[in-house]
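Engineer: whatever this is, show me its structure:
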Amino acid sequence: MDKTTAEITGKSSNNGKKASFASDVLTLVGGTAFAQILMILASPVLTRLYGPEDFGVFTLYLSIVSIISIVSCMRYDNSIMLPELDEDAVNLLGLSLLVVLAVTGLTVPIVWYFRIPIVDLLNSPQIGNYLWLVPPFVFVNGIFLALNQWNSRTKHFKRLSLSRVYGSILTTTTQICFGFLKISSAGSLIVGNLAGQFVATLILGWQIWKNDKKMFAKSVRWRKIYQGLVRYRKFPLMDSWSALMNTVSWQLPAFLLAAFFSPAIVGFYSLGFRLLQLPMSFIGVSISQVFFQRASRALSEGTLDVLVENVFRMLVIIGVFPILVLTIVGSDIFTVVFGEAWKEAGVYAQILGIWAFLWFISSPLSTLYTVMEKQQFGLRYNFLNLFTRFLSLTIGGIVGNARVALILFSISGIVVYGYLCMKIMSYSGVKIFRAIKIVYSNFLLFIPTGVILISLKFTGASEILLIFCSFLAICIYYAYILKTDVEINKLINLSQITKSTSRKSGGN
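Structural biologist: So this is what the prediction gives:
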């Protein structure tokens, strides 16, 4: 077995069987693909049942919840992956769950006291009707974060996929049913999302309890929980602030677009970003989760550079072509799929396309500085990200043009995420020119398609023809990659061998 293939192979913490990086990623992607496809297919229905303002208020609500949820465990959930012994890790899980209870309790008086200022700041009276749902949402999200990390440590990726599928089905079904019953408001979107997340958390928690309850009873001790609290104090003291700034920076567009413009503009942005993010994130999140587990082992084995370069290459191959296509025909796709009223959302997706690609390739790898315990860099980087996003959106708001705000936001994101990519390469020992070469070689494959699509737009081709040509080009690109790329084929073949071996030996 060559070094590249060997590097992305590791042992399960539970059963010692070999499991490839690709196999674990494909398990997560395969299980979550249905959930993501369901959400994409439901979007044209939802955009005809709910208006831009409903989506805008829904996005503002999720932004508030996301900011609190990211620190609901005070980042102790990320420490679950790090100890050598499962007995130590399970006490960190217990610590994380206790912290979730404390943070949720603090959320109740804070949301109640700041209700009026929040409504005034966001220029959205509707949001005040749903703020009472923030604490239960934070509690459910926090529990899921902690269980998710334990599940990743034990490498039971199939049960995580199952929980996501059921959660997505319930979310989508509830939102559509409310819409057809003429109960179509931001509150319907919020309740549907909360119901789906609750079910996903319940299913994951039940599966973990069923398999690991004996370990919990045997290993969880107050003394060890306290030891974990002290040993990994960098997570709440530094990483929590870093994560908080990162999440606030993600939610800034919703907040500032609402403050400077209106919830309807937030609705256009949310749909554009959501559809841009969904196909990228369901792969990226799966890769990130497996990479986090593998990177800890690769660091101790001295093979981190090989792992990082190969994961970076995989991300570039997956993401570059469809994102470049979207930057050309985004508005045409949104007009046909969601209706003429949502064309502006497609324009926003075009503006954000290149930035989204850089986010896609750097975000899964960004867990590296947690593995290497370089939380100081994470703090500095996230402050830079927050500051540049705030500055860009504020300038656009003062100018009075939402497109200008998002263009500046996208440019600042390209610069900041480019910097993050370079630092990740530096930390892992990968030469910068190697990363540039990978991006450049895949960009060359897009040039013929780009020329054709731009020519069709300038000649006034119909939107249907543009979408058909784009879809055909993407299919041809991925077929070409699967046929000609040696490393991708090695990963897929290794994944298939691993799954076959696992079935024969009675694996997960």
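
Engineer: ranges for the strands of the stretch 51-200 of the chain?
Structural biologist: Taking DSSP state E, counting those that start in this stretch, the stretch 51-200 of the chain contains no strands at all.

Engineer: for it, what are the low-confidence residue spans?
Structural biologist: Within the stretch 51-200 of the chain, the segments meeting pLDDT under 70 span 157.

Engineer: run the last query once more with 50
Structural biologist: Applying pLDDT under 50 to the stretch 51-200 of the chain picks out no residues at all.

Engineer: residue boundaries of the helices in it?
Structural biologist: For the stretch 51-200 of the chain, the helices defined by DSSP state H, counting those that start in this stretch occupy 52-69, 86-113, 115-122, 134-154, 157-180, 186-219.

Engineer: please name the nearest non-neighbouring residue to residue 193.
Structural biologist: Distance criterion Cβ to Cβ, 6 or more residues apart in numbering; nearest residue to residue 193, sequence neighbours excluded, is residue 171 at 5.4 Å. Using the backbone N, CA and C atoms, a C-beta is placed for each residue, glycine as well.

Engineer: over to residue 70?
Structural biologist: Nearest one to residue 70, counting by Cβ to Cβ, 6+ apart, is residue 247 at 4.3 Å.

Engineer: same check, this time on residue 443
Structural biologist: Spatial nearest neighbour of residue 443, excluding adjacent residues (Cβ to Cβ, 6+ apart): residue 320 at 6.4 Å.

Engineer: the helix or strand encompassing the one you found: how far from the chain's middle?
Structural biologist: Using DSSP states H and E, residue 320 maps to helix 304-338. Distance, stretch centre to chain centre, for helix 304-338: 14 Å (Cα atoms, centre = their mean, to the nearest Å).

Engineer: for it, what is the average pLDDT?
Structural biologist: Helix 304-338 comes out with an average pLDDT of 86.

Engineer: tell me which helix or strand comes right after that helix.
Structural biologist: The helix or strand immediately downstream of helix 304-338 is helix 343-362, counting by DSSP H and E.

Engineer: quick check: angle from that next one to helix 304-338?
Structural biologist: Going by axes from the mean of the first three to the mean of the last three Cα atoms, to 10 degrees, helix 343-362 is angled at 170 degrees with respect to helix 304-338.

Engineer: quick one: list the elements packing against helix 343-362.
Structural biologist: Under the contact criterion of 3 or more Cβ pairs under 8 Å, 6 or more residues apart in numbering; DSSP states H and E, helix 343-362 touches helix 263-301, helix 304-338, helix 402-428.

Engineer: what's near enough to touch the residue found closest to residue 128 once you drop the neighbours it is linked to in the chain?
Structural biologist: Distance criterion Cβ to Cβ, 6+ apart; nearest residue to residue 128, sequence neighbours excluded, is residue 119 at 4.3 Å. Taking Cβ atoms under 8 Å, 6 or more residues apart in numbering as the criterion, residue 119 is in contact with 125, 127-128.

Engineer: what about the residues you listed, which one has the most neighbours?
Structural biologist: Using other Cβ atoms under 10 Å as the neighbour criterion, residue 127 leads those with 24 neighbours.

Engineer: roughly how far does that one sit from residue 111?
Structural biologist: Separation of residue 127 from residue 111 (Cβ to Cβ, to the nearest Å): 11 Å.

Engineer: which residues of the stretch 201-350 of the chain score low on pLDDT?
Structural biologist: Scanning the stretch 201-350 of the chain for pLDDT under 50 picks out nothing.

Engineer: on that earlier part again, nearest to residue 450, out of the helices of the stretch 51-200 of the chain?
Structural biologist: Each of the helices of the stretch 51-200 of the chain has some distance to residue 450 by Cβ to Cβ; the shortest is helix 52-69, at 30.4 Å.

Engineer: for the closest one, name the packing helices and strands.
Structural biologist: helix 134-154, helix 186-219, helix 240-260, helix 263-301.

Engineer: out of these, which comes closest to residue 162?
Structural biologist: When the helices and strands packed on helix 52-69 are compared by Cβ to Cβ, helix 186-219 sits nearest residue 162, at 6.5 Å.

Engineer: gap between whatever helix or strand comes next after that closest one and the chain center?
Structural biologist: Remark: after helix 186-219, the chain's next helix or strand is helix 222-231, criterion DSSP H and E. A distance of 30 Å separates the centroid of the chain from that of helix 222-231, by Cα atoms, centre = their mean.

Engineer: repeat that for stretch 163-174.
Structural biologist: On Cα atoms, centre = their mean, the centre of stretch 163-174 falls 17 Å from the chain's centre.

Engineer: just the buried positions in that stretch, please.
Structural biologist: Across stretch 163-174, burial judged by 16 or more other Cβ atoms under 10 Å covers 163-172, 174.

Engineer: for stretch 211-231, same thing?
Structural biologist: Neighbour-count burial for stretch 211-231 flags 212, 219, 224-225, 228-229 (criterion: 16+ other Cβ under 10 Å).

Engineer: what about the strand or helix carrying residue 466, distance to the chain center?
Structural biologist: For residue 466, the enclosing helix or strand under DSSP H and E is helix 463-484. Its chain's average C-alpha position is 25 Å from that of helix 463-484, according to Cα atoms, centre = their mean.
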